[in-house]
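[1] Fold the following and give me the result.
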Amino acid sequence: MDLRDLLLDTGLLPPTDSDWPSSRTGCSPYLMSLQEFVDLTGYSDQRRKILSGFLDLRRELKRRGLHGAQWIDGSFLEHEYRRGRAPADLDVVTWVTAPDLTSMGWLEEALKDLPVGNDAKKTYLCDVYFDIANADGFVEPSGAAYWIGLFGHTRSKEWKGFIQISLEEDEDAILIGGSDEDQE
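    Here you go, the predicted model:
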């Protein structure tokens, strides 16, 4: 099974379980392990290349002492037929757990010289963004609403889901399988 098995006929990850749309367990962001995410989305050479860059980004964030969770979205979570091509990158928001919400200078220092936004594509093949969660992982509703508004639909305003992965998992234990041929 891969991502294509979970997509709606529109080629999008559903934002909610259509059989029970008010259920919190069957809605976006879908929680999964890093290995599940890699297994689900790494079904072509291009996707495995992007995943390798994503794992490098995660290693760098940990090297800088950051902890938290990541929301993944963008064309990486859409079927290729929607755009007529493979995805070029992966969009990721890292919710960094803050040791102290009264002083945010630590985050600026931790992110110093790290490429963000579109600049990160050259190094990590990812569009990289950051936001803050408290030490317990609580996210301010306005912050969550902003990213859900940005990630929760396509440019043509179709609703879609996204995936959440803990930043605490070990990238070096992850296997990126596959052959040299796309498994279309």
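[2] buried ones in stretch 71-82?
    71, 72, 73, 74, 75, 76, 77, 78, 79, 80 (16 or more other Cβ atoms under 10 Å). Where C-beta positions appear, they are placed from N, C-alpha and C, glycine not excepted.
[3] Pick out whichever of those sits closest to residue 109.
    Residue 109 has its nearest neighbour among these in residue 71, at 23.4 Å by Cβ to Cβ.
[4] For that closest one, which residues are in contact?
    29, 92, 93, 95, 147, 151, 162, 163, 164 (Cβ atoms under 8 Å, 6 or more residues apart in numbering).
[5] what's the helix or strand for it?
    Here residue 71, judged by DSSP states H and E, is contained in strand 68-73.
[6] Pull the residues that contact the following helix or strand past that strand.
    Sequence-wise, the next helix or strand downstream of strand 68-73 (DSSP H and E) is strand 90-97. Contact with strand 90-97 is made by 50-51, 53-54, 57, 61, 66-74, 76, 107, 110, 125-137, 139, 147, 151, 167, as judged by Cβ under 8 Å, 6+ apart.
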